[in-house]
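1. kindly return the folded structure for what I paste below:
(2 chains, ligands or ions: 2)
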Amino acid sequence: MIGAQDIPVIPRGVRMQFDRVRDRWVLLAPERTVALDEIGRAILSEIDGARSFGQITAGLAARYAAPEDQIAADSRGFLGTLIERRFLEVK
Amino acid sequence: MTVTPPIAMLAELTHRCPLSCPYCSNPVELTRRDAELDTAQWADVFRQAADLGVLQLHLSGGEPVTRRDLVDLVIAAREAGLYTNLITSGIGLTEKRLKELDEAGLDHIQLSLQGTDADMADRIGGYRGGFARKMDVARWIGEIGFPLTLNAVLHRQNLHQLPRAIEMAVEMGARRIEVATVQFHGWALMNRDALMPTREQAREADAIVAEARARLKGVLVIDYVRADYHNDYPKRCMGGWGSTGINVAPDGLVLPCHAAQTIPGLVFDRTQDRPLREIWYEGSAFNAYRGTDWMPEPCASCERKTIDFGGCRCQAMALVGNASATDPTCIKSPHHAALQARADAFAAGPTEFTARAAAG
Ligand code: SF4
Ligand code: SF4
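-> Ligands and ions are numbered 1, 2, ... in the order given. The predicted model follows:
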């Protein structure tokens, strides 16, 4: 499970792209395409390989005026799935 | 029925290949080099595909590396905005060429494994020294940092090597391994007796995969295609005919699946003659088995019909001579019992095989 100090990194071979035909954002990975909702896209956009998971969720909480622990819980679930599928790494 | 755009394209750049695997999915009638689409034609296909909604492009073959313009094709694919995957045996790739592909923006490599040691791999691939070269290629791929998927086709003669194949994937730093039990189309159909796994092997593979998945969670993703002829329900082939995937053969023929040409009576369009969009939405071959309207019983009233879409059309054709029949690997098919008995008989067959031919 991803912790507050962990730094998420989007590895090579995984990228976000706007799907102009379906008018949505997607995460492209080997043999897989994950459709992103607004929150998913917001979280992934914050990942820069430098900031920790805690910093990212604090920033999102401020931006969306939402409780930080709820944002952290939602993001942890989403990122956890990506980690399990090897679309995301932590350092 | 609303037809949604395709998400993936398999571009069979060529049928030429230095290997001659007995399960090759290329048609028995191989396309000659002089009939292949040229660079500009492929680049145009890629742009049309992206406009149509394709996001993922698989550059395949034959061996796509035999195309001298491969780097240019990768550049064209990336310019079109496609996620670009190279499906290769590795034979013909040099470190220099891999670096060029890296610069061209290639996203991912899928490396096929014919066996886990030189004896097996070189015998199955029919190419001496192939395994050693592949190991070099795997090392360069790792050094450059390409994301890697290993792909292993399982059959009776190499199934015992599955645990080692999984280990090798981890050692090579692959994020994924695709373990696919051999499918009987094209060359594989000719070699069915030599390749058909036994029922016990199929169960053993299930167990090996289940154990490895649990042990390697978060390290290696294992995608597994089971032996459907030893199971109760068919595969969802191509994600559903004409629903997600589109294939282009070396000569520009646009196909709903790579084996679609084995179905007599289907008419295919060529990308040189008709826009890809029109072929996808209006082409008769794409509409032949799209959705569920074409289904006979028992599929028509089955609760699984939108799960597996009645299974594989080409398999129905190959096994019961009728492409519109319920896939005979399904327990509800009237042919199911006979098929399972036949599968067991094939699995007891001789082990010599016919190597696939070379494309001219
Ligand atoms: S299956 Fe073997 S022979 Fe066929 S294209 Fe792939 S590497 Fe070549
Ligand atoms: S009857 Fe048809 S739809 Fe139902 S499980 Fe079998 S193949 Fe699938």
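2. shaky segments in the chain?
-> Let's take chain A. Nowhere does chain A drop to pLDDT under 70.
3. try again with chain B
-> In chain B the weaker segments, taking pLDDT under 70 as the threshold, are B:1, B:360.
4. hmm, who's touching the longest helix along it?
-> For chain B, the longest helix by residue count, based on DSSP state H, is helix B:199-215. Contact partners of helix B:199-215, identified using C-beta atoms under 8 Å, 6 or more residues apart in numbering or on different chains, comprise B:154, B:156, B:159, B:162-163, B:166, B:179, B:181, B:197, B:220, B:222, B:224, B:226-227, B:230-231, B:343-344, B:347. Any C-beta I mention is one placed from the backbone N, CA and C, and that applies to glycine too.
5. same check on stretch A:27-43?
-> Stretch A:27-43 is contacted by residues A:13-17, A:19, A:22, A:24-26, A:44, A:56, A:60, A:63-64, A:74-75, A:78-79, A:82, A:85, A:87, B:7, B:55-56, B:83, B:85, B:107-108, B:110, B:147, B:149, B:175-176, B:223 when judged by C-beta under 8 Å, 6+ apart.
6. report the buried members of those residues.
-> A:13-14, A:16, A:19, A:25-26, A:44, A:56, A:60, A:74-75, A:78-79, A:82, A:85, A:87, B:7, B:55-56, B:83, B:85, B:107-108, B:110, B:147, B:149, B:175-176 (16 or more other C-beta atoms under 10 Å in any protein chain shown).
7. so which of those residues are in helices?
-> Counting by DSSP H, the buried ones among the contacts of stretch A:27-43 contribute A:44, A:56, A:60, A:74-75, A:78-79, A:82 to helices.
8. now render these as TSV, adding distance to ligand 2.
-> Converted to TSV, those look like this (distance: C-beta to the nearest ligand atom, whole Å):
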residue	distance to ligand 2
A:44	36
A:56	44
A:60	43
A:74	36
A:75	38
A:78	33
A:79	35
A:82	31
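9. between which two of those residues is the distance greatest?
-> The span of those, defined through C-beta to C-beta, is set by A:60 and A:82 at 16.1 Å.
10. quick check, central residue of chain A?
-> The centroid of chain A falls nearest to residue A:44 when counting by C-alpha atoms, centre = their mean (3.3 Å).
11. is it true that that one touches residue A:10?
-> Yes: under the criterion of C-beta atoms under 8 Å, residue A:44 makes contact with residue A:10 at 7.0 Å.
12. burial measure for the closest residue to ligand 1 within chain A, as a count.
-> Per C-beta to the nearest ligand atom, residue A:31 is where chain A lies closest to ligand 1, at 17.2 Å. A total of 17 residues lie near residue A:31 under the criterion other C-beta atoms under 10 Å in any protein chain shown.
13. now it: how far from residue B:155?
-> Using C-beta to C-beta, to the nearest Å, residue A:31 is found at 22 Å from residue B:155.
14. residue contacts, the residue in the stretch 51-200 of chain B that chain A sits nearest to?
-> With C-beta to the nearest C-beta, the shortest gap between the stretch 51-200 of chain B and chain A falls at residue B:147, namely 3.1 Å. Counting by C-beta under 8 Å, 6+ apart, residue B:147 touches A:11-14, A:30, B:107-109, B:175.
15. residue contacts, the residue lying closest to residue A:67 once chain neighbours are set aside?
-> Closest residue to residue A:67 apart from its sequence neighbours, by C-beta to C-beta, 6 or more residues apart in numbering or on different chains: residue A:61 at 6.7 Å. For residue A:61, the contact set (C-beta under 8 Å, 6+ apart) comprises A:67-68, A:71.
16. which of those residues are buried?
-> residue A:71.
17. save the contacts of residue A:61 as CSV, and put in secondary structure and distance to ligand 2 too.
-> Formatted as CSV, these follow (DSSP: H, G, I helix; E, B strand; the rest coil; distance: C-beta to the nearest ligand atom, whole Å):
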residue, secondary structure, distance to ligand 2
A:67, coil, 46
A:68, helix, 47
A:71, helix, 42
